[in-house]
Each structure stands twice: as C-alpha cells, then as structure tokens.
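Engineer: Everything below, folded, please.
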Amino acid sequence: MKGKLSHVDDTGKAKMVDVSKKDASVRSATASGKVEFPPEVFEILSGKDFLSKKGSIIQTAVIAGIQAVKKTWELIPLCHQLNLSTIDITIVPIENALQINCKVKCTERTGVEMEALTGVSVSALTIYDMCKALSHDIRITDVRLNEKTGGKHDFKR
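Structural biologist: Next up is the predicted model:
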C-alpha cells in the first residue's frame, strides 16, 4: 500500500490533485467486468442474438459506456477533465455472462483508470437495465482495473 491518499489533504479535506507540474505523456488503462445471467435468461438473450425491443443490447451498452468515459470528470468529483485519444469497449458472450472490456488512451498529465472503470460500469448497468424485465437475478461482477501505463507507475494484473 502506498503512503497516503492523494485526494485528501493533511487536514482530511477532499482535494483535487495538482497535476500542473507533471509532464504530459501517453497514458492508457484497461478495465473489465461481467454481467452474469441466470442460465435460462442467458439462453433467451443469446437465442435472440442479444437483440431486444429496445434494440441491440450489446451495441447500446457500448455506446453508453463510451458516453460515460467522456463524462467521467462530471461523475467522479475529483477527476480531471481529459482530452481522450481513444475509447475501445468490447462486449462478448461467455458462459451465462457478457464480458466487458474497456481500453482508454490519452496524452495528458494524469491517467485514465477511472475512465476505463466508468466505461465498464455504465456498460454493465445499461445491460442490466435492458434485461431486468427478464430477471432481477442479473449480477454485475468483477469490475476491476487490469492495466495502466504512463505516469509514475505502470500496473498490470
């Protein structure tokens, strides 16, 4: 564990990290998560190629995730507004679940971990919203950062 929290000052008050002295560099982050379905629900959805009366579940979730990544700074109070270079969200069926992966990249003074995690989370919530009429036993699981590059420290799970 690192020494202290970066978003809390010495008196315990919330603060935005000052990145003005940092150099801009290429930074990227990937995150993932799953939406797990009861087997009978997954069978219904996959039998319809994940299409619903509202449209493509997967493509709607991808678009929602991309929109969320771009608005992360508005949703998470101490995140910086970033000029993003690319957002890539993939959603693929696996056994009784949809696997979500989000990769975000920018050239900035701070990283994009929160953006990648937000993209996964909102994609998952969108899938839940579009499928909840079939079951409320749908679970969003395993949302996590897998890798980050750029800045002081790289990370790889």
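Engineer: C-alpha from now on. contacts and neighbour counts both.
Structural biologist: Noted.
Engineer: count of neighbours near Lys103?
Structural biologist: Lys103 sits with 25 neighbouring residues when counted by other CA atoms under 10 Å.
Engineer: That one and Ile140: what is the separation?
Structural biologist: Taking CA to CA, to the nearest Å as the measure, Lys103 falls 19 Å from Ile140.
Engineer: Contacts only, for His7.
Structural biologist: Shown in contact with His7 (CA atoms under 8 Å, 6 or more residues apart in numbering): Ala14, Lys15, Met16, Val17, Leu78.
Engineer: Can you list the residue ranges for strands in this structure?
Structural biologist: 25-36, 51-52, 55-56, 84-94, 97-108, 139-149, 155-156 (DSSP state E).
Engineer: Redo these as JSON lines? Include distance to Leu45 and mean pLDDT.
Structural biologist: Below are the strands of the chain laid out as JSON lines (distance: least, CA to CA, whole Å; pLDDT from 0 to 100):
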{"stretch": "strand 25-36", "distance to Leu45": "12", "mean pLDDT": "97"}
{"stretch": "strand 51-52", "distance to Leu45": "7", "mean pLDDT": "90"}
{"stretch": "strand 55-56", "distance to Leu45": "11", "mean pLDDT": "94"}
{"stretch": "strand 84-94", "distance to Leu45": "10", "mean pLDDT": "98"}
{"stretch": "strand 97-108", "distance to Leu45": "10", "mean pLDDT": "97"}
{"stretch": "strand 139-149", "distance to Leu45": "15", "mean pLDDT": "98"}
{"stretch": "strand 155-156", "distance to Leu45": "33", "mean pLDDT": "93"}
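Engineer: CSV please, covering those strands and showing distance to Ala133.
Structural biologist: Shown next, in CSV, are those (distance: least, CA to CA, whole Å):
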stretch, distance to Ala133
strand 25-36, 15
strand 51-52, 11
strand 55-56, 14
strand 84-94, 19
strand 97-108, 17
strand 139-149, 14
strand 155-156, 37
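Engineer: right, and these - which one's nearest Ser123?
Structural biologist: Closest to Ser123 of the strands of the chain is strand 97-108 (CA to CA; 7.6 Å).
Engineer: count of neighbours near Thr72?
Structural biologist: Thr72 has 22 neighbours, counted by other CA under 10 Å.
Engineer: How about His80?
Structural biologist: With other CA under 10 Å as criterion, His80 counts 19.
Engineer: Return the residues in contact with the closest residue to Arg27 other than its chain neighbours.
Structural biologist: Excluding the flanking residues, the one nearest Arg27 by CA to CA, 6 or more residues apart in numbering is Gly150, at 4.4 Å. Contact analysis of Gly150 by CA under 8 Å, 6+ apart lists Ser25, Val26, Arg27, Ser28, Gly111.
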